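[1] Turn this into a model:
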Amino acid sequence: MATSQSALLLQKQLNELLKHPVEGFSAGLADNDNIYEWEIIIIGPPDTLYEGGFFRAKMTFPKEYPLMPPKLKFISDMWHPNVYPDGEVCISILHPPGEDKYGYEDAGERWRPVHTVETILLSVISMLSSPNDESPANIEAAKEWRENYPAFKKHVQRIVRNAIG
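    Below is the predicted model of the structure:
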């Protein structure tokens, strides 16, 4: 029962995005037979180091969606303090609901069922614009961001060149 409800909700969100595209990203199914796996293209936000890049990502939804968050993973190379070296995005709204056992995040910053594909992707675009280096997923990228910004900028420019549509 929950699976069919989550599938219906995801289909509704997909239809809405297809009817009313949102600037900054495009989303669609990776496979027409699997509503739980989406292909995403995130366009590097204007006036950021990522401007001009078209970054491929995969969003995988759990059967418990919207009670639990999806996972978002860049397939394109990504160099960012809030993206693990394997491409997985680490932002508060993608963390399971409830209290943070480490005390870094307020429960209100974490996943809530009101979030949609659109709000998640807008948060990721915002993350690209302003990294949070306080609790980095990629320690090396965060260290470079803080200690050697020119090198960080060069690194990002290289991945953007490779991610041009």
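[2] Residue 84: what's it in contact with?
    Contact analysis of residue 84 by C-beta atoms under 8 Å, 6 or more residues apart in numbering lists 90, 137-138. Any C-beta I mention is one placed from the backbone N, CA and C, and that applies to glycine too.
[3] Repeat the analysis, applying 6 Å as the threshold.
    Listed by C-beta atoms under 6 Å, 6 or more residues apart in numbering, the contact partners of residue 84 are residue 137.
[4] Next one: it from residue 59, what distance?
    Distance of residue 84 to residue 59, computed by C-beta to C-beta, to the nearest Å: 15 Å.
[5] all helices in this protein, in order from the N-terminus.
    For the chain, applying DSSP state H gives helices covering 2-19, 117-129, 139-147, 149-162.
[6] Which of those has the highest mean neighbour count?
    helix 117-129 (a mean of 19; mean count of other C-beta atoms under 10 Å).
[7] So what angle separates the directions of that helix and helix 2-19?
    Relative orientation of helix 117-129 versus helix 2-19 (axes from the mean of the first three to the mean of the last three C-alpha atoms, to 10 degrees): 70 degrees.
[8] Need the contact partners of helix 117-129.
    Residues from elsewhere that reach helix 117-129 (C-beta under 6 Å, 6+ apart): 13, 22, 24-25, 27, 45, 48, 50, 82, 89, 91, 93.
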